[in-house]
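S.K.: Structure of the sequence below:
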Amino acid sequence: MKLRDRILWGLAVGGEILEEVLTSGSRAYQRDKLFIWTPARYSKKKFNGLLNRLDREGYLQRVLIDGKVHFRLSGAGKRLLTDTWPGLKFRQKSWDGFWRVIIFDIKEEDRKSRDDLREFLVKLRFGRLQNSTYISPYDFDNSFLDWLKARKLRGRVMLMECKQKHLGKPDRLADAIWGLEQINKDYQAVIERLSTRFGIKSKQKREEFLKRVYQQYLTVLTKDPFLPSELLPKEWMADKCQKFILRAGVIKE
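M.R.: Reported below is the predicted structural model:
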């Protein structure tokens, strides 16, 4: 993940941004606390330079709170985050009961177009049903159609909307396609690891520990398809994990 995206995710994770802040306001967070979202051994000089660049480019808003520099995501920052990770736009939406199905037939000699399409579908959080068949519970918007048109793929990609029948329960199908059980275990592993932080007395070792755990959390978060609650396991750990992240002291509540 790019360093820029780590900072955007760090700001997004705090509070309720994954539920509503992408379309509303957001909190501001201390500059130093965002440093934990960078990789191990990443220098604070480079980190400060990155923040300043993102601020100049308009992706962050700088504010002073109690005399300390804080940042929040700007409107441009939210758009950049959702352009890079489009699945975020769908989080917390309810399911209308229809699957959106993409079927394509792109020959071997045009492998690059086929690979680009598959990569884009994964980026949109579509799940692979078969090699050339992908599904999603969310409707595709005009940006997806424009993407197909720009790459001259409209005639080679079939878009369908359908109800599930004779394939078992929808949540079980979702689990099989997106590997939800494993993602849930990965969220739980982050929670369990964070629960061991209280024995770390050294500030430097605590920071190093949190950097590793937050990298682990980002890895899980970016695999999460952000499916509607109707398709998730009953004990879905994403929200609980986010609360543990906040309590770890990286983001001030």
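
S.K.: now residue 135, what's its secondary structure?
M.R.: Applying DSSP: H, G, I helix; E, B strand; the rest coil to residue 135 yields a three-state assignment of strand.

S.K.: Show me what it is bridged to.
M.R.: residue 101, residue 127 (DSSP bridges).

S.K.: Please give me every residue in contact with the residue nearest the centre of the chain.
M.R.: In the chain, the residue lying closest to the centroid (CA atoms, centre = their mean) is residue 222, at 4.2 Å. Residues counted as contacts of residue 222 (CB atoms under 8 Å, 6 or more residues apart in numbering) are 1, 9, 85. Where you see a C-beta, it was placed from the backbone N, CA and C, and this is true even at glycine.

S.K.: Do you know the pLDDT at it?
M.R.: With respect to pLDDT, residue 222 has a value of 86.

S.K.: Any quick ChimeraX command for the buried ones out of the contacts of residue 222?
M.R.: In ChimeraX syntax, the buried subset of the contacts of residue 222 is picked out as below (16 or more other CB atoms under 10 Å):
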select :9,85
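
S.K.: Need the contacts of residue 222 in a markdown table (columns: pLDDT).
M.R.: Listed next are those as a markdown table, based on pLDDT from 0 to 100:
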| residue | pLDDT |
| --- | --- |
| 1 | 80 |
| 9 | 88 |
| 85 | 81 |
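
S.K.: Show me the shaky parts of the stretch 51-200 of the chain.
M.R.: By pLDDT under 70, the low-scoring segments of the stretch 51-200 of the chain are 91-92.

S.K.: give me that answer again for 50
M.R.: For the stretch 51-200 of the chain, applying pLDDT under 50 flags no range at all.
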